[in-house]
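Novice: okay, structure incoming, though there's no sequence with it:
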């Protein structure tokens, strides 16, 4: 089974970036087509998530499709850009009803692109929905808008899946979908079968969660629709290369998926600001393949027994032995 | 109405403490009766939360009742000590079924004390329930035990209220009831009317929540059964004197309670390791009374309008004006 | 004396911003001249810090001078843009010697602009100097370059002052000038009279320092050459409006400056991503003026006595009384 | 050379602990002699650090010496207990001059024990020196006392080495010796040859430092006199088993020591609250021996080249290959 494991990446992995200081960017801009061609150079990468609308409006869906085809890439999800200038004060929770409608329309369009590419889901990452200051918002209203805005879209496009990618903060100082539990509360309130979670390992980690616990909880609610990985120092969404700081907790995350027979693409959500994107993706996937091998050798029954006793030392010795001895360059 | 506001404190506010370094304690031990007499010296303090069983088993309920009476104090809650040596690996989630039963029995006894004192609730703070290391536990099992353990007790004692005080961590590196949203998920799963949240302002703050948002969410689920306050530096449960670091967010917290017509005791959960407990309580209550006065002068309609626009600058200018000008020594 | 207190701001307070998500910016771009005209609209603002080179190279120094003059603004410092694309892997610590030279040349130019405007200092904020990953750099080399690079420039331009603005991180995951103590170590190593610290209240706060302690330490080494303020949630450089989250620690910071007879401009370093910049500056300065008034009424001798006893409750009651009762809208 | 590597542990690794909740302790108390006998059971452990005065005053130095001898253990350092009840408001910085003298006397006694056991140093960990609240102390005074208090002792006992173990916080909310750079500033001010740093990997990590960078800096000042390791989640001094969360940064730490030809004991500072202490020490030392083997195979020249280019991906791939393939159960 594990031979068939698919690896994916957000296409932005191959972009260049700006931030509030390097306003001229960390490199010359790349077109979406160039990004796709770079993704195609990463061995073992076969799936991408694409932002919509395209930064360059002159690029057509046909061109994108061609580029994907020539690189052997499928589309898993479409991420509508509901966090750009227009949505600076929120998409679903914007104080202006007109902006909230604009967000819904952008997502309608993204839904069509999902259908066009036969992708798995519309991915919603409402990074501007939340607040910055105490006393800034009516929390009841913000949460109501957060939940109802997504519910309406999911009901309307009942043929599609919607995934919510929660995150504690950034760009807002506090995001309304800030944690796995809060997101599940919202999804339960919606009561719709087609809304789930896209669990970002790094978001869970820097939100103070144990990512494997977050995965288990989402699975237990039947809502783990997707996932991606990266790494950070637990204080910010650094989007570092997966496995460079927290290899053991990353292994535990995939151990939990395997234990629950969860099947899906193992995706990267990395921002290699100063690294070669192909090298960064290759290194990460190499580590994920190490994890795959380690899962094949780990004694799940013995691990379950150690865990039944809450025996951390034994469990960790087993985990490290399986992981480290599975490493190949 | 606000004239009638009652102020309370965990009786441990008047204890001396030990920690892993000052194992000889931050002062000579005090008996429960001495603590009650100290609490009685704090003007405006009329309600206490008491741990059970008493550290000194020779103290009787009658003695405690006498001490309370002579100090004009009522009991709001009883906190069973489900976080001592026996429960080092958890109360509800202990790997040993016998220890889980012992926890339930201790809580049964605490329920009787609640009835004896006519208190409002059994307070559950499962500080040892959780994990320390990756791979240490089966998260599904830990959460199942966390939820079922409390549900069984709440069903059995359906005449009483149970409140869960969540906290991100300490003493466990990760507590299973770690956040407002996770706790609400658990309570919704229980589906019982008599289980709610005791919201600790400081726990919300250092868990990365906006405490006022946490309060609103718990209220919207009908589950805000109690609350207490203190302060910290957002990185740990410092249990500092309320209002010394985050006066504005503390004000926002009570603004949210008032806006929702939430009524209940305003409690302190402070650990004055090196301060005079009476001075620490008096200073905190003085600040809470400032907040009360500020709520009486704040223009709620104008605040709602600023918040409808997400206008942080206007909202904060209003809030600070109301709060600061209400201050009396 | 306090009547003469000058207030300043980084001119970027009046810019619009981009980040890695809102790549189209949080508003339409503003020219430097427009920013200066906006700064001119803030009552009580009389000093600015300006980035160099100007984003728009067609703007001349004469034009800037005119704009400043018509708005009654002086220049306190020039901040060379040693954190843009070319310097993505560092300015002083870039692995490429040519880039290190380019940084030095940009700073030479900035020094000339300091002279041209009669400003007080060249401000160095080496935001890209540091590392992101374990094992990425040779720490000895990075620190050597950090110290020597600035020492060379300060020796060359011995008629000018250079200030280093340290910060824990962002955009690098770890900045080499990360704290007040590390920066003082570097400055002591340089052994030059014209290098000091620009202490950013928010950087100290989110780096786990007590900003007032950082100020005292820099003063004790004779190196507090400048300062600016803002606010944050202690986990990131949020650059919120000063006084909105930590009014008491902000007051303590200025109390420490006053106690040491430190004189200089009180500057803002705020990034009002979603707020009106004029309102954000006005609100902050209003709060700083409250602090000024509070310092005039605070009983310094009584505070010193409380502090000699480490009596936090008394000290804080005094501080809050002075601060809060000084508040005017 | 690496065959001769010595491993050590603070003797408190084998204690049972109390904290503010489990006031009855995480297990029955153990005498110092029992702890030494447990330490003797850890294969490869040959060095200990011992607290003084002994918790049980009836235990004599002779008894301790016998116990050490029969377990084949040497003493590397003596840690005077300058953080117990008497010193709750500080040892060197206590507001009461009498308490400051008491601390000095306790350290005098500890110095004699160092001589008695032929140990390497007096270890100073001033965990109660600092502050909890804004406005609580005069920072200049606190730092002056922190520096002068140690300088006086080091001058008096010029035949001995003194090591300062800095830590950001706990039990004080802010410790005065909070970071590597601050401690070096203090040591430079003292200007004595016999005062250095005991670098705790975990303290550096949760203080936001890169521990390998901290080690390099201390080495460059000639002040790295000792070190110990453990692990944590970067938010608190969890004192977890070394190598269970941050194996890569632990490897980088020892890589830095090896690169600088630093020689000394590799010590553990772990608090196995709920684990078997012998298993916890054995697991950690096993991982340290993995690191030793990895250092023997790592290509230092190739690593230096990758670091000269700030090439994180290459450097980390090399590091992980060396580390992981060196793992033996």
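Specialist: Received the coordinates, thanks. Here the structure is a predicted model, which means the values were calculated and not measured.
Novice: and the strands in the stretch 1-150 of chain A?
Specialist: A:7-10, A:45-52, A:74-80, A:121-124, A:130-131 (DSSP state E, counting those that start in this stretch).
Novice: ok, the shortest one near chain C or not?
Specialist: Read it as strand A:130-131. No: Strand A:130-131 is not in contact with chain C by Cβ under 8 Å from any Cβ of the partner chain; minimum separation 9.9 Å. From N, CA and C alone the C-beta is placed, and that goes for glycine too.
Novice: re the thing from before, need the strands of the stretch 1-150 of chain A in JSON lines with distance to residue D:140, can you?
Specialist: Shown next, in JSON lines, are those (distance: least, Cβ to Cβ, whole Å):
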{"stretch": "strand A:7-10", "distance to residue D:140": "51"}
{"stretch": "strand A:45-52", "distance to residue D:140": "53"}
{"stretch": "strand A:74-80", "distance to residue D:140": "53"}
{"stretch": "strand A:121-124", "distance to residue D:140": "53"}
{"stretch": "strand A:130-131", "distance to residue D:140": "38"}
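Novice: so what's the residue count around residue A:58?
Specialist: Using other Cβ atoms under 10 Å in any protein chain shown, residue A:58 has 7 other residues around it.
Novice: quick check: phi and psi at it.
Specialist: With angles defined as degrees, to the nearest 10, residue A:58 sits at phi -80, psi -10.
Novice: and if you look at residue A:240?
Specialist: The phi and psi values for residue A:240, taken as degrees, to the nearest 10, are phi -80, psi 170.
Novice: my guess is it meets residue A:231, correct?
Specialist: Yes: proximity of residue A:240 to residue A:231 meets the contact threshold set by Cβ atoms under 8 Å, at 4.2 Å.
Novice: intersection of neighbour lists for these two?
Specialist: Shared contacts of residue A:240 and residue A:231, defined by Cβ atoms under 8 Å, 6 or more residues apart in numbering or on different chains, comprise residue A:202.
Novice: up against chain D, what does chain A have?
Specialist: Chain A has residues A:208, A:233-235, A:241, A:243-249, A:274-276, A:279-280, A:283, A:286-287, A:310, A:312-314, A:316-317, A:320-321, A:323-325, A:327, A:329 near chain D, with proximity defined as Cβ under 8 Å from any Cβ.
Novice: got the contact list for the helix or strand hosting residue A:151?
Specialist: Using DSSP states H and E, residue A:151 maps to helix A:139-156. Defining contact as Cβ under 8 Å, 6+ apart, one finds that helix A:139-156 is touched by A:90-93, A:100, A:103-104, A:107-108, A:111, A:122, A:124, A:126, A:129-131, A:162, A:164, A:176-177, A:186, A:189-190, A:192, A:194-195, B:210, B:212-213, B:216-217, B:220, B:256, B:307-308.
Novice: just the buried subset of those residues, please.
Specialist: Neighbour counting with 16 or more other Cβ atoms under 10 Å in any protein chain shown marks A:90-93, A:100, A:103-104, A:107, A:111, A:122, A:124, A:126, A:129-131, A:162, A:164, A:176-177, A:186, A:189-190, A:192, A:194-195, B:210, B:212-213, B:216-217, B:220, B:256, B:307 as buried within the contacts of helix A:139-156.
Novice: give me the average confidence score over the helix holding residue A:151.
Specialist: For helix A:139-156, mean pLDDT is 98.
Novice: and the angle from it to strand A:74-80?
Specialist: Counting by axes from the mean of the first three to the mean of the last three Cα atoms, to 10 degrees, helix A:139-156 lies at 140 degrees to strand A:74-80.
Novice: for the next helix or strand along the chain from helix A:139-156, which strands pair with it and how are they oriented?
Specialist: Per DSSP H and E, the first helix or strand lying C-terminal to helix A:139-156 is strand A:161-164. Using DSSP bridges, strand A:161-164 pairs in its sheet with strand A:121-124 (parallel), strand A:195-200 (parallel).
Novice: after strand A:161-164, next one along is what?
Specialist: Next along from strand A:161-164, by DSSP H and E: strand A:174-175.
Novice: so where do the helices sit in the stretch 1-150 of chain A?
Specialist: In chain order, the stretch 1-150 of chain A shows helices spanning A:32-40, A:61-70, A:97-117, A:139-156, with DSSP state H, counting those that start in this stretch as the criterion.
Novice: with distance to residue D:148 added, can I get those helices in a markdown table?
Specialist: Formatted as a markdown table, those follow (distance: least, Cβ to Cβ, whole Å):
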| stretch | distance to residue D:148 |
| --- | --- |
| helix A:32-40 | 60 |
| helix A:61-70 | 69 |
| helix A:97-117 | 61 |
| helix A:139-156 | 51 |
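Novice: picking that back up, could you dump the strands paired with strand A:161-164 to a markdown table with mean pLDDT?
Specialist: Putting the strands paired with strand A:161-164 into a markdown table (pLDDT from 0 to 100) gives the following:
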| stretch | mean pLDDT |
| --- | --- |
| strand A:121-124 | 98 |
| strand A:195-200 | 98 |
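Novice: same list, the ones you listed, but as JSON lines with distance to residue B:81 please.
Specialist: As requested, the strands paired with strand A:161-164 are exported to JSON lines (distance: least, Cβ to Cβ, whole Å):
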{"stretch": "strand A:121-124", "distance to residue B:81": "45"}
{"stretch": "strand A:195-200", "distance to residue B:81": "36"}
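Novice: count of neighbours near the residue in the stretch 1-150 of chain A positioned nearest to chain D?
Specialist: The minimum distance from the stretch 1-150 of chain A to chain D, using Cβ to the nearest Cβ, falls at residue A:42 (12.9 Å). Neighbour count for residue A:42, taken as other Cβ under 10 Å: 23.
Novice: contacting residues around it?
Specialist: Listed by Cβ under 8 Å, 6+ apart, the contact set of residue A:42 reads A:9, A:278, A:281-282, A:285.
Novice: now do 10 Å
Specialist: Residue A:42 is in contact with A:7, A:9, A:13-14, A:71, A:73, A:268, A:277-282, A:284-285, counting by Cβ atoms under 10 Å, 6 or more residues apart in numbering or on different chains.
Novice: do residue A:169 as well
Specialist: Residue A:169 neighbours (Cβ under 10 Å, 6+ apart): A:127, A:130, A:132, A:175, A:178, A:203, A:206-207, A:236-237, B:208, C:233, C:235-236, C:238.
Novice: how far away is it from residue A:175?
Specialist: The gap separating residue A:169 from residue A:175 is 6 Å, by Cβ to Cβ, to the nearest Å.
Novice: intersection of neighbour lists for these two?
Specialist: Shared contacts of residue A:169 and residue A:175 (Cβ under 10 Å, 6+ apart): A:127, A:130, A:203, A:207.
Novice: which parts of the stretch 201-329 of chain A are strands?
Specialist: Remark: strands assigned in the stretch 201-329 of chain A by DSSP E, counting those that start in this stretch are A:224-229, A:266-268.
Novice: what is the shortest one packed up against?
Specialist: If you count contacts as 3 or more Cβ pairs under 10 Å, 6 or more residues apart in numbering or on different chains; DSSP states H and E, strand A:266-268 packs onto strand A:7-10, strand A:45-52, strand A:224-229, helix A:277-297.
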